[in-house]
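S.K.: here's a sequence, model it:
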Amino acid sequence: MRFLIALLLLVIPARAGVIRLKVEGKDASGNFVGEGTCFPVGKTSTGKTLVVTAKHNLRGGQRITVWKDGVWQPVTNILSSQKFDVASFEINADDTGYPLTDPVIGSVVTAFGFGPEYNGRESCGFIARVANSTNLIGKDGYHAIPGDSGGPAMHGNRCIGLIVSYGRLTAKRSDNAELNLATQIVPSQNIIEHLCQYYRMGSCGPSGCPVWTPVTPRAVSPSPVKEDCPTHSVSPQLIEKFVQEWLNANAERIKGRDGADGKDGIDGISTVTTQPLEVILSREGKVVDREIIQPGQPLILDVGILESNK
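M.R.: Here you go, the predicted model:
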């Protein structure tokens with residue numbers, strides 16, 4: 001009975017409102033069909049449902065559709081963020097949106113996506129803890145997989161972010177569970193910042209939460225935007241906060257392991273620093289390169305660029 005209860009806690013049915021996404025396009029290798037996840041964040045003042053997903057899901061797409069009411073429906077008004085891995089579009093549907101709220105470090109959330117379904121199993125969610133503002137650590141080592149990108153991370157009935165990346169390319173969320181791989185999210189405040197470039201966010205109402213009114217697109221620049229769509233500059237305190245959050249999230253790896261039978265233990269710091277580091281390079285929110293930093297090589301961060309919020 002205890003085993004059955006534990007299994008039920010790990011396998012959570014797909015949340016109502018989460019939407020299947022199909023991307024058809026052409027790249028250097030030829031025609032392709034991609035699959036992902038998206039979800040509604042409210043209604044527009046023109047009666048459409050406003051939906052968000054991971055921007056990389058749409059890369060190279062020439063035809064974008066969602067599965068609604070038993071058919072693949074084309075989307076309209078596709079808008080991609082220049083700063084974050086977020087894109088939005090509108091659909092003809094009567095879905096109510098998920099309210100967006102800030103992630104709280106240490107809180108328990110449920111992450112949803114159609115990754116399992118695209119890999120031949122039933123779609124479901126998994127329980128995770130908010131490790132820091134951009135990372136979730138799944139219960140019993142569960143993590144997002146291909147196809148989950150664009151899905152919501154939910155705290156109760158509120159969305160704290162959307163899934164954009166996973167620690168390793170696997171077909172099952174339980175693969176490599178012993179590594180406690182992180183699931184990366186774009187936090188809700190970044191989703192709102194993107195949407196506020198193109199819409200004015202209204203209050204929650206009976207037709208959805210909230211209502212988004214289209215506006216003239218605002219220029220994306222390092223300077224702050226209007227008060228109803230706040231941005232965040234990178235301060236030394238914020239950098240220190242991110243570093244501390246990483247240290248807390250990786251405490252077990254850094255601590256190392258005690259030795260046995262009189263043998264020396266494993267130095268966690270040495271273990272971490274002798275592993276390659278993958279660095280993703282981007283320009284205006286678009287991934288342009290991936291670099292592997294080998295152990296012992298320096299990684300230089302330009303504080304001027306960070307402070308300029310580029």
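S.K.: these two touch, right, Ser45 and Glu90?
M.R.: No. In this structure Ser45 lies outside contact range of Glu90 using CB atoms under 8 Å: 11.2 Å. (C-beta placed from N, C-alpha, C; glycine too.)
S.K.: of these two, who's got more company?
M.R.: Between Ser45 and Glu90, counted using other CB atoms under 10 Å, the more crowded position is Glu90 (21 against 12).
S.K.: not counting its neighbours along the chain, what's nearest Gln189?
M.R.: Asp102 (5.9 Å; CB to CB, 6 or more residues apart in numbering).
S.K.: helix or strand: which one has that neighbour?
M.R.: Using DSSP states H and E, Asp102 sits in no helix or strand.
S.K.: for it, give its distance to Ile78.
M.R.: Counting by CB to CB, to the nearest Å, the separation of Asp102 from Ile78 is 26 Å.
S.K.: Tyr166 too?
M.R.: The gap separating Tyr166 from Ile78 is 24 Å, by CB to CB.
S.K.: neighbour count for those two, which is higher?
M.R.: Tyr166 (20 against 14).
S.K.: report the beta-bridge partners for the more buried one.
M.R.: Thr183 (DSSP bridges).
S.K.: wait, it touches Ala144, no?
M.R.: Yes. Between Tyr166 and Ala144 there is a contact at 4.2 Å, judged by CB under 8 Å.
S.K.: overlap in contacts of these two?
M.R.: Contact criterion CB atoms under 8 Å, 6 or more residues apart in numbering; residues shared by Tyr166 and Ala144: Thr183.
S.K.: does the residue nearest to Gln189 really touch Ile185, like I thought?
M.R.: No. Using CB under 8 Å, Asp102 is not in contact with Ile185; the gap is 11.8 Å.
S.K.: can you give the domain ranges for the chain?
M.R.: Structurally, the chain divides into domains by automatic domain parsing as follows: 2-12+101-187, 19-98+192-214, 236-307.
S.K.: what mean pLDDT does the longest one get?
M.R.: On average, the pLDDT along domain 19-98+192-214 is 89.
S.K.: check contacts around Lys48.
M.R.: Each residue near Lys48 by CB under 8 Å, 6+ apart is listed here: Thr76, Asn77, Glu90, Ile91, Asn92, Ala93.
S.K.: quick one: the second one and Glu90 touch, right?
M.R.: Yes. Applying CB under 8 Å as the test, Asn77 and Glu90 come out as touching, 4.7 Å apart.
S.K.: could I get the full set of helices for this structure?
M.R.: Secondary structure of the chain (DSSP state H): helices at 2-10, 115-118, 188-195, 236-249, 251-255, 268-273, 303-307.
S.K.: contacting residues around the shortest one?
M.R.: In this structure, residues lying in contact with helix 115-118 by CB under 8 Å, 6+ apart are 14, 20, 35, 37, 122-124, 144-148, 151, 172-173.
S.K.: the same query, at a cut-off of 7 Å, please.
M.R.: Glu35, Glu122, Ser123, Cys124, Ala144, Ile145, Pro146, Gly147, Asp148 (CB atoms under 7 Å, 6 or more residues apart in numbering).
S.K.: among the residues you listed, which lie within strands?
M.R.: Glu35, Cys124 (DSSP state E).
S.K.: neighbour-wise, which of the contacts of helix 115-118 leads?
M.R.: Using other CB under 10 Å as the neighbour test, those are led by Ala144, with 30 neighbours.
S.K.: name all residues that make contact with that one.
M.R.: Ala144 touches Ala111, Gly113, Gly115, Ile163, Tyr166, Thr183, counting by CB under 7 Å, 6+ apart.
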